[in-house]
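Engineer: predicted structure and sequence below. I'll ask about it afterward.
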Protein chains: 4
Amino acid sequence: MTTDDTSSRPTYPTSLGTSDAESISLLGRDLARDLMGEVGFGELAMWLVTQRRPTQSEVRVFEAVLVALADHGFTPTAIAARLTYLSAPDSLQGALASGLLGGGSRFLGVTEDCGTFLHEVLEGHPEMLPADLEDDDRWDELARTAVTQAKSAGRFVPGLGHPVHKERDPRTPRLMQIAEEEGLKGPHLRLFEAIGRVHPEILGRRLPLNGAGVCGAALADLDLPVELLRGFALLARTAGLLGQLAEERRRPIGMDVYLAVDRAATYVDPAEETTK
Amino acid sequence: MTTDDTSSRPTYPTSLGTSDAESISLLGRDLARDLMGEVGFGELAMWLVTQRRPTQSEVRVFEAVLVALADHGFTPTAIAARLTYLSAPDSLQGALASGLLGGGSRFLGVTEDCGTFLHEVLEGHPEMLPADLEDDDRWDELARTAVTQAKSAGRFVPGLGHPVHKERDPRTPRLMQIAEEEGLKGPHLRLFEAIGRVHPEILGRRLPLNGAGVCGAALADLDLPVELLRGFALLARTAGLLGQLAEERRRPIGMDVYLAVDRAATYVDPAEETTK
Amino acid sequence: MTTDDTSSRPTYPTSLGTSDAESISLLGRDLARDLMGEVGFGELAMWLVTQRRPTQSEVRVFEAVLVALADHGFTPTAIAARLTYLSAPDSLQGALASGLLGGGSRFLGVTEDCGTFLHEVLEGHPEMLPADLEDDDRWDELARTAVTQAKSAGRFVPGLGHPVHKERDPRTPRLMQIAEEEGLKGPHLRLFEAIGRVHPEILGRRLPLNGAGVCGAALADLDLPVELLRGFALLARTAGLLGQLAEERRRPIGMDVYLAVDRAATYVDPAEETTK
Amino acid sequence: MTTDDTSSRPTYPTSLGTSDAESISLLGRDLARDLMGEVGFGELAMWLVTQRRPTQSEVRVFEAVLVALADHGFTPTAIAARLTYLSAPDSLQGALASGLLGGGSRFLGVTEDCGTFLHEVLEGHPEMLPADLEDDDRWDELARTAVTQAKSAGRFVPGLGHPVHKERDPRTPRLMQIAEEEGLKGPHLRLFEAIGRVHPEILGRRLPLNGAGVCGAALADLDLPVELLRGFALLARTAGLLGQLAEERRRPIGMDVYLAVDRAATYVDPAEETTK
């Protein structure tokens, strides 16, 4: 809040949407003339966050990430959204919000955790960064340092391992390839790739680089703020949840899920349990 | 829920995301090979809802709508999201959800209400539909019927009027133009346009066709289900809220808004009020 | 917003919480001295809404309603809250909010719908109200009118019928009894009871008066605003959801529910479906 | 999930609500007969979480905490709830959820943080616990250890300091007194009190023990799980938010808050900002 001298009223600065009787601006552009029909939705989403118009290469990588994260079938969040829609069909926003609220540390957090982890490694070891981005040996060295430190600290390395895709997550090589095609395979993706190469020698077993992790690395290489990476996963998931709710309208499963759980309920006497 | 004969276990059908150890599918396609890098995010969002891959023309109109609806500055929902982020910075999903929950009947509902209204008029008067889409006289006739009926019923015509853009909402002609360019100016947009021409003779004053309304008409012309139109406004708004929260991180206003309200609080004795 | 003359700044009136460096007030009382330890939580909740301190009789009926509505086992909302907690265990508020968002028209709405229905019948037929509250014949007459009108309009009578308690919902006679004991069996409860007596002769079958409905009637007899009755169901449910989440911590089922649904997923080709 | 032998279907155990056609049980009791009218709402909330019926002394302390936390006037969460209600008046559950989502680390988290901090200190130093609960010297010694360790680790001591009540938070002595009256001033409250005595000698300045902190200490002394303490603050706040929304219906401020912010918006060119 700043105050101007004459009136000492607060003013609230913004670089996003403003309007007057004649025009509507967004990001300093005329919304109707310069943005509608001229700018894609993914492009606008990046621009809104970074305040800089992205290149088409950046948009392709960004949208590939959103596509990768949009829907993973009957996840806990998709089921929660469908059950909420069943209970309150009058409030689509409530069902969407209910689904997004599962976008926390566990299921959707890997993207953010991985981007943040890579970012901290890069920030923390400026002296180890390769002069030549393609110098894989130097990346491997940094990756060894990072994995070893995580192991010593008893921390997991985010982005390693997947409950279903135990061998290989097909999203990972594909996103690497797209970033490469667009000239956007930067330090975060390269470090992540190096972690994929060196971790077995340190951890004693080979785990796949998972899709949520590579998405976090790619978003970080797009210079998006790592504190907000979860937000892009949530944006992607909003589209996925819309798909889930549209399907719930066409061919509902919410009532059957509810009944299957309710009918399988068995009462346990709390008195018995507390004596355990 | 259907049951197969041998086990009588429930099965839950879906046409969205599925996966096994080797592959990840979405909408029956290989996610990594066929969708990532090949399909835009707006395109995927439409596809997820309609189960049909949209054309590039459809995507352009659809994304123009999302761009139009993404951010309108310091709306109540943007302020709510910023205040929630101030209180709970550990939960970005909570701040986004808080903002989306304002996407109800009043501020974000016009898009859905307008699409639904136009849809019902078209469904309710099959005999009045012009054989030739460009027959403006027939559209005007249908529009007169619709506005007259709404007036008699004491209902507002959704999409008419705007608190700020009292003369003309610049998004309306622009979206009409984009739809026309793409060959997608269908019955909903034409009826809406006709309402813009004829309503003054029935209502006694001229109101602008607003941007939220034209977006609803355009989405309905894309054959998107009218019951879910609010959902697309919410998808657009998710990107806008991410922009708001990114700005709140860079240059916060939430604390100042809170303090401005809190300091202007004045206590009113409930006893006095209840005697009124 | 009102402005005072000297500064033309906005002021925001409130009769709820205020504070200064020395004291904290709520509802015009000193919070620490007059309320903490002196006023029950249910009592405060009523007071906050009505701005009037309730009697102990009113509190007993009110809390009986909250107790009746607090938890119904594995409802869709309880399952949604548990799944959200599974996905985002870092955000208890998100799991609670996710569960409350199912408190809409379908599962939690009966309380509000029933209270509102009874209220409208009473407001709409002042000439039919019995002079003597205990004149059951007059209540039956009004009930016949109300049920007949609902039937003609093709509307359901809220509060009639229950998917499980097909004969008799045990909460209904109990709440009637408690209200009677406290001298608070007012017009809403009496009309509801009369609907229970007369509806079979009009609808052709006997349905139980359900617990959600009688709760709405009791809350309306406490002079609580009918537009907010859903809010009391949500307050009750907040306690129930806390119980669900505490149990989810002790003995989780969320992961098993998720896996049971996910493993029972069967892919349906959208192309096949759209040809249907 | 356990499976019974004959069918290998999952079963979901619960000790909360269950029902059949004739009866409704909660916590193993007959809901209508044993709980409605017999058990208070705060009492039930404790019972639901702990699976043990609390004593009347415990209920008095518990409800004093809920009363203390219910409403603090125009907090960010109250404003967010009012703005959401303004935007979506059709969805009371959305407005409540929006307000609760601000119950995170910053404004509502102190209760949980303080309870957790005290709990960890007690668990971490079993050898320092006084044999006699009233041995203030021993508590002071433990408090000195805890504050010194927090200071060395660069951590704040939760529950110390308040932006408004800089000298003394009136809730703190009052809750201490109530707990003492009920014989429930246990180790958490005594350690907290000791922190209030000894911290100036370590931190170099005197800060008040705040109300949110003492509430966390009191809840922990009631043996409520420290991981869920935030949940009780949220339950209390649900009642407060209902009061806020009832007042917003009677005498709205949401639109004025929105307009005050919107009118004070000033556009900042992002290009200029990024050059900074």
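Structural biologist: Arrived safely, thanks for sending.
Engineer: center of chain A - which residue?
Structural biologist: For chain A, the residue nearest the mean C-alpha position is A:Ala233 (2.9 Å; Cα atoms, centre = their mean).
Engineer: for the strand or helix carrying that one, buried residues please.
Structural biologist: According to DSSP states H and E, A:Ala233 maps onto helix A:229-250. For helix A:229-250, the neighbour count (16 or more other Cβ atoms under 10 Å in any protein chain shown) marks A:229-248 as buried. Any C-beta I mention is one placed from the backbone N, CA and C, and that applies to glycine too.
Engineer: so the closest residue to A:Arg53 other than its chain neighbours: helix, strand or coil?
Structural biologist: Nearest residue to A:Arg53, sequence neighbours excluded (Cβ to Cβ, 6 or more residues apart in numbering or on different chains): A:Trp47, at 5.3 Å. Counting by DSSP: H, G, I helix; E, B strand; the rest coil, the backbone at A:Trp47 sits in helix.
Engineer: pretty sure A:Arg52 contacts A:Leu224?
Structural biologist: No - judged on Cβ atoms under 8 Å, A:Arg52 makes no contact with A:Leu224 at a distance of 10.8 Å.
Engineer: more crowded one of the two?
Structural biologist: A:Leu224 (23 against 14; other Cβ atoms under 10 Å in any protein chain shown).
Engineer: residues contacting that one?
Structural biologist: A:Leu224 makes contact with A:46, A:49-50, A:232, according to Cβ atoms under 8 Å, 6 or more residues apart in numbering or on different chains.
Engineer: mind listing what's buried along stretch A:24-34?
Structural biologist: A:24-28, A:31-32.
Engineer: does it come close to chain D?
Structural biologist: Yes - Stretch A:24-34 is in contact with chain D by Cβ under 8 Å from any Cβ of the partner chain, via A:25, A:27-28.
Engineer: and which of the residues you listed is nearest to A:Ala194?
Structural biologist: Closest to A:Ala194 out of the residues of stretch A:24-34 next to chain D is A:Leu27 (36.4 Å), distances taken as Cβ to Cβ.
Engineer: about what we covered before: the very next helix or strand once past the helix holding A:Ala233 packs against which elements?
Structural biologist: Next in sequence after helix A:229-250, counting helices and strands by DSSP H and E, comes helix A:254-263. Applying 3 or more Cβ pairs under 8 Å, 6 or more residues apart in numbering or on different chains; DSSP states H and E, we find helix A:254-263 packed against helix A:76-87, strand B:10-14, helix C:76-87, helix C:254-263.
Engineer: among those, which comes closest to B:Leu66?
Structural biologist: So among these, helix A:76-87 is nearest, using Cβ to Cβ, at 20.1 Å.
Engineer: check which helices and strands that closest one is in contact with.
Structural biologist: So helix A:76-87, by 3+ Cβ pairs under 8 Å, 6+ apart, packs with helix A:92-100, helix A:229-250, helix A:254-263, helix C:76-87, helix C:254-263.
Engineer: what about 10 Å?
Structural biologist: Using 3 or more Cβ pairs under 10 Å, 6 or more residues apart in numbering or on different chains; DSSP states H and E as the contact test, the elements touching helix A:76-87 are helix A:92-100, helix A:229-250, helix A:254-263, strand B:10-14, helix C:76-87, helix C:92-100, helix C:254-263.
Engineer: and the angle from the shortest one to helix A:76-87?
Structural biologist: The directions of strand B:10-14 and helix A:76-87 differ by 100 degrees, with axes from the mean of the first three to the mean of the last three Cα atoms, to 10 degrees as the criterion.
Engineer: what residues sit buried inside strand B:10-14?
Structural biologist: So, applying 16+ other Cβ under 10 Å, buried residues of strand B:10-14: B:10-12, B:14.
Engineer: among these, which pair sits farthest apart?
Structural biologist: B:Pro10 and B:Thr14 (13.0 Å).
Engineer: pull up the overlap in contacts between those two.
Structural biologist: Residues touching both B:Pro10 and B:Thr14 (Cβ atoms under 10 Å, 6 or more residues apart in numbering or on different chains) are A:Ile253.
Engineer: so where is chain A shaky, pLDDT-wise?
Structural biologist: A:1-8, A:273-276 (pLDDT under 70).
Engineer: and the helices in it?
Structural biologist: Counting by DSSP state H, chain A has helices at residues A:41-50, A:56-69, A:76-87, A:92-100, A:109-124, A:136-152, A:171-181, A:187-203, A:211-221, A:229-250, A:254-263, A:270-275.
Engineer: next, see if stretch A:226-236 gets close to chain B.
Structural biologist: Yes - Stretch A:226-236 comes into contact with chain B (Cβ under 10 Å from any Cβ of the partner chain), by way of A:227-236.
Engineer: surely A:Ala220 and A:Val226 touch.
Structural biologist: Yes - between A:Ala220 and A:Val226 there is a contact under Cβ atoms under 10 Å: 5.8 Å.
Engineer: between the two, which one's more packed in?
Structural biologist: Remark: of A:Ala220 and A:Val226, A:Ala220 carries more neighbours, 27 against 21, as counted by other Cβ under 10 Å.
Engineer: so which of the helices and strands packed on helix A:254-263 is nearest D:Val164?
Structural biologist: Closest among those, using Cβ to Cβ: helix C:76-87, at 33.3 Å.
Engineer: before we move on, back to that, now, which of the contacts of A:Leu224 lie close to chain D?
Structural biologist: A:Thr50.
Engineer: is it true that A:Ala95 touches A:Ser87?
Structural biologist: Yes - the pair A:Ala95 / A:Ser87 is scored as a contact, 8.8 Å apart, by Cβ under 10 Å.
Engineer: joint contacts of those two?
Structural biologist: Counting by Cβ under 10 Å, 6+ apart, the residues touching both A:Ala95 and A:Ser87 are A:254, C:80, C:101-102, C:104.
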